[in-house]
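# Here you go, sequence then predicted model.
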Amino acid sequence: MSISARTSMPRTVAVHTALILYTLIALFPVFVILINSMKSRKAIFREPLALPGPDTFDLVGFQTVLTQGNFPLYFGNSMIVTVVSLALVLVFGAMAAFALSEYRFRGNFLMGLYLAIGIMIPIRLGTVAILKLMAAAHLTNTLTSLILVYTAQGLPLAIFILSEFMRTVSDDLKNAGRIDGLSEYWIFFTLVLPLVRPAMATVAVFTMIPIWNDLWFPLILAPSESTKTVTLGAQTFIGQYVTNWNAVLASLSLAILPVLVLYMIFSRQLIRGITSGAVK
Amino acid sequence: MGSLTLSNVTKSFGKTEVIKGVDLEVQDGEFCVFVGPSGCGKSTLLRMIAGLEDVTSGDVMIDGKRVNLLPPSKREIAMVFQSYALYPHLNVRDNMGLAMKRAGASKAEVTQAVTNSAQMLSLETLLDRRPAELSGGQRQRVAIGRAIVRRPKLFLFDEPLSNLDAALRVATRIEIARLHYELGATMVYVTHDQVEAMTLADRIVVLNAGKVAQVGRPMELYNDPANTFVAGFIGSPQMNFLKAGALGLQGETVGIRPEHLVIGDSGEIDGTISHVEHLGGETNVYVKTGPHGLLTVRLFGEHDFDIDAGVKISPDPARRFHFDAEGQRMR
Ligand SMILES: Nc1ncnc2c1ncn2[C@@H]1O[C@H](COP(=O)(O)OP(=O)(O)OP(=O)(O)O)[C@@H](O)[C@H]1O
Ligand SMILES: [Mg+2]
């Protein structure tokens, strides 16, 4: 990147130093997990911060993870739960946001407030009620129960962010569509959604990561072998007396990959959204 | 084929009444312009005609048919917006053809109609471009093209030229006037630019705070304003308002246009020159007077005055307008 007329050299250096420092701090735990997952058990405890060398390099953790237990299944479960919940949050969140920002109806403001309160009250407070509900609906130990809970958990923030963004979409554009005989669905999907794509990507990232990382609801609602998620699966290596650190670190390292892929997809969208031409 | 009738139309947003009972008759083929200060409800009224806002009470009739409950796409209207409002993901051809396609026209019909309107506006070379690849003026021409493709009964324009620069504004204005002549269609046009209103309109509707202040042909409004609001709004520089009492005349206020004041050594009003504007073809002289405040005198050709020099002004008696205390014209 060239230094433009608007930014001075010292300023650029300062900004970059701060950013690089932050990146290092943020990536450090990930880095520690990654290097230790490739070391022998002794080496992990002797020198946690050392890079794997010829004597300490050991993939036993990965071997354990991939041979013992049902890790491919856990991965699949996590993937299904995350992707389906994400899709539902985005679709329903965007639709609700459109309705709240576009239509004047009685109770519009109260409805928006009610939905926004969900941001402040953690869904875990309702765990007991949720468990009873799922049991009554015969949904315990199914991925559906997780998907339903995560969709509910993700909607408030999605609606809040997206409705703010949708207010900025030009009224004239929507009205032009109405005069040309486009249905409200057509206007929503083809005119409004592409223009709020950066916001959608932001919401997607913020929704996806807590779902992927969650341990609470899988433990309570779907702990059976066939419905375990990756985070829950990794717990099998943590015992009360013995913990297989190699396997724990290896499974955590593997668990980073899918989120990383999803994140890259959305961040590309985000950047494309920002750089694709303006409305007018 | 495209008359428009508004009868006692009102609009309220919550408790605030924005349109306070408008009656209007627009003949088939007429070019009708809504003018008024910002916030007086021009756009709201236009959107009510289009069906984009509900009518709180009263009737909107297009072509003799009550359309209050019809959705915009069924009213056989087309609208051109200030912000162009082209579909960003479609090229010019598809932007123009979309409405007809949605209405169920065949591919050949759409192509034919798009080609025709593209020719009228010389857009042929732009048909495959996306809106992002067009200049502001081209975008607005495409938006106008999109409106004429379906041959609507009624064209609605909401300040279509406000985002263009001065030269383009004149060119596009002329284009719209020519289109009106060629299509013979009924057009309702919202603007706050007087020149657009005066040059384009068959009839001007002056709106003030949600009410019609006066309706008439441009020269009627200029030469025969019904109240101080219209008198002050139409004409630039603005009409001078003098205190009738100080001149010994009937009524409350006397209005006189800047070109109907004469500056000289003799006259009824004493004043001093405050500021002079030289525009080449004309000269505007601002004169400070005791009872009437700052008066504008418009002189044709070039004239020189010394700032702070004392002068005398006399109004042309035949060109005076008398208004009563409510601002209504006394005839
Ligand atoms: N959706 C709305 N809710 C509440 N008030 C509104 C709404 N739309 C418009 N108004 C109010 O109605 C009045 C008229 O607005 P409108 O847009 O018709 O003005 P306008 O004459 O077109 O002005 P301008 O020349 O600035 O475009 C304004 O006072 C505005 O605040
Ligand atoms: Mg307006």
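Cool, the structure landed. Ligands and ions are numbered 1, 2, ... in the order given.

# for the record, mean pLDDT for stretch A:229-243?
For stretch A:229-243, the mean pLDDT works out to 83.

# Could you pull out the buried residues of that stretch?
A:Thr229, A:Val230, A:Thr231, A:Leu232, A:Gly233, A:Ala234, A:Gln235, A:Thr236, A:Phe237 (16 or more other CB atoms under 10 Å in any protein chain shown). In this view, the C-beta of every residue, glycine as well, is placed from N, C-alpha and C.

# Need the phi and psi values for the residue nearest to B:Gly290 when sequence neighbours are not counted.
Computed as CB to CB, 6 or more residues apart in numbering or on different chains, the closest residue to B:Gly290 that is not its neighbour in sequence is B:Asp270, at 6.9 Å. Backbone torsions of B:Asp270, given as degrees, to the nearest 10, read phi -90, psi 140.

# can you count the residues close to A:Trp216?
13 (other CB atoms under 10 Å in any protein chain shown).

# tell me which parts of the stretch 101-250 of chain B are close to ligand 1?
Taking CB under 6 Å from any ligand atom as the contact definition, the stretch 101-250 of chain B meets ligand 1 at B:His192.

# Narrow the buried residues of stretch A:229-243 to those in helices?
In helices, judged by DSSP state H, the following of the buried residues of stretch A:229-243 are found: A:Val230, A:Thr231, A:Leu232, A:Gly233, A:Ala234, A:Gln235.

# what does the stretch 101-250 of chain B put close to chain A?
Residues of the stretch 101-250 of chain B lying near chain A by CB under 8 Å from any CB of the partner chain: B:Arg102, B:Ala103, B:Ala132, B:Gly136, B:Arg139, B:Arg146, B:Asn163.

# make it 10 Å
B:101-104, B:130-133, B:136, B:139, B:143, B:146-147, B:149-150, B:152, B:156, B:158, B:163 (CB under 10 Å from any CB of the partner chain).

# Quick one: buried ones out of those?
B:102, B:130-131, B:139, B:143, B:146-147, B:149-150, B:152, B:156, B:158, B:163.

# show me what contacts residue 254?
You didn't say which chain, so I picked chain A. If a contact means CB atoms under 10 Å, 6 or more residues apart in numbering or on different chains, then A:Leu254 has A:Ser37, A:Gly61, A:Phe62, A:Val65, A:Leu66, A:Phe71, A:Tyr74, A:Phe75, A:Val230, A:Ala234 as its contacts.

# hm, I was asking about chain B
B:240-247, B:292, B:315, B:320-323.

# how about it, secondary structure?
Under DSSP: H, G, I helix; E, B strand; the rest coil, B:Val254 falls in the strand class.

# For ligand 1, see how far away it is.
29 Å (CB to the nearest ligand atom, to the nearest Å).

# try B:Lys20
Distance of B:Lys20 to ligand 1, computed by CB to the nearest ligand atom: 11 Å.

# Same check on B:His89?
Distance from B:His89 to ligand 1, by CB to the nearest ligand atom: 27 Å.

# can you list the residues of the stretch 101-250 of chain A near chain B?
So the stretch 101-250 of chain A meets chain B at A:104, A:170-183, A:186, A:190-191, A:194-195 (CB under 10 Å from any CB).

# Any of those residues buried? List them.
Of these, these count as buried by 16+ other CB under 10 Å: A:170, A:172-182, A:191, A:195.

# what would those residues look like in a markdown table with pLDDT and secondary structure?
Converted to a markdown table, those look like this (pLDDT from 0 to 100; DSSP: H, G, I helix; E, B strand; the rest coil):
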| residue | pLDDT | secondary structure |
| --- | --- | --- |
| A:Ser170 | 91 | coil |
| A:Asp172 | 94 | helix |
| A:Leu173 | 95 | helix |
| A:Lys174 | 96 | helix |
| A:Asn175 | 96 | helix |
| A:Ala176 | 95 | helix |
| A:Gly177 | 95 | helix |
| A:Arg178 | 95 | helix |
| A:Ile179 | 95 | helix |
| A:Asp180 | 94 | coil |
| A:Gly181 | 93 | coil |
| A:Leu182 | 94 | coil |
| A:Leu191 | 92 | helix |
| A:Leu195 | 89 | helix |
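
# and B:Gly29, what does it touch?
B:Gly29 neighbours (CB under 10 Å, 6+ apart): B:Met1, B:Gly2, B:Ser3, B:His180, B:Leu183, B:Gly184, B:Ala185, B:Thr186, B:Met187, B:Asp202.

# Now A:Pro48: closest residue in space, sequence neighbours ignored.
Looking at A:Pro48 with CB to CB, 6+ apart, the closest residue is A:Asn36, at 6.3 Å.

# Moving C-terminal from the helix or strand harbouring that neighbour, which element do we reach first?
Element membership of A:Asn36, judged by DSSP states H and E, is helix A:9-37. In the C-terminal direction, the helix or strand that comes right after helix A:9-37 (DSSP H and E) is helix A:41-46.

# So which elements touch that following helix?
helix A:9-37, helix A:60-67, helix A:245-275 (3 or more CB pairs under 10 Å, 6 or more residues apart in numbering or on different chains; DSSP states H and E).

# any chance of these in TSV, plus distance to B:Arg93?
TSV is the format used below for those (distance: least, CB to CB, whole Å):
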stretch	distance to B:Arg93
helix A:9-37	45
helix A:60-67	55
helix A:245-275	25
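
# about what we covered before: return the member of the buried ones among the residues of the stretch 101-250 of chain A next to chain B nearest to B:Ser236.
Each of those was checked against B:Ser236 using CB to CB; the closest is A:Asp172, at 28.3 Å.

# which residues touch that closest one?
A:Asp172 neighbours (CB under 10 Å, 6+ apart): A:279-280, B:52, B:79-86, B:143, B:158.

# And for A:Lys174?
With CB under 10 Å, 6+ apart, A:Lys174 has these contacts: A:Phe98, A:Glu102, A:Met166, A:Leu182, A:Glu184, A:Ile187, A:Phe188, A:Leu191, A:Val192, B:Leu52, B:Ala85.

# Could you do B:Met198 as well?
B:Val33, B:Val35, B:Ile204, B:Pro218, B:Met219, B:Leu221, B:Tyr222, B:Ile234, B:Gly235, B:Ser236.

# Buried among these? Make that a ChimeraX selection.
Only the buried entries of these go into this ChimeraX selection, using 16+ other CB under 10 Å:
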select /B:33,35,204,218,221,222,234,235
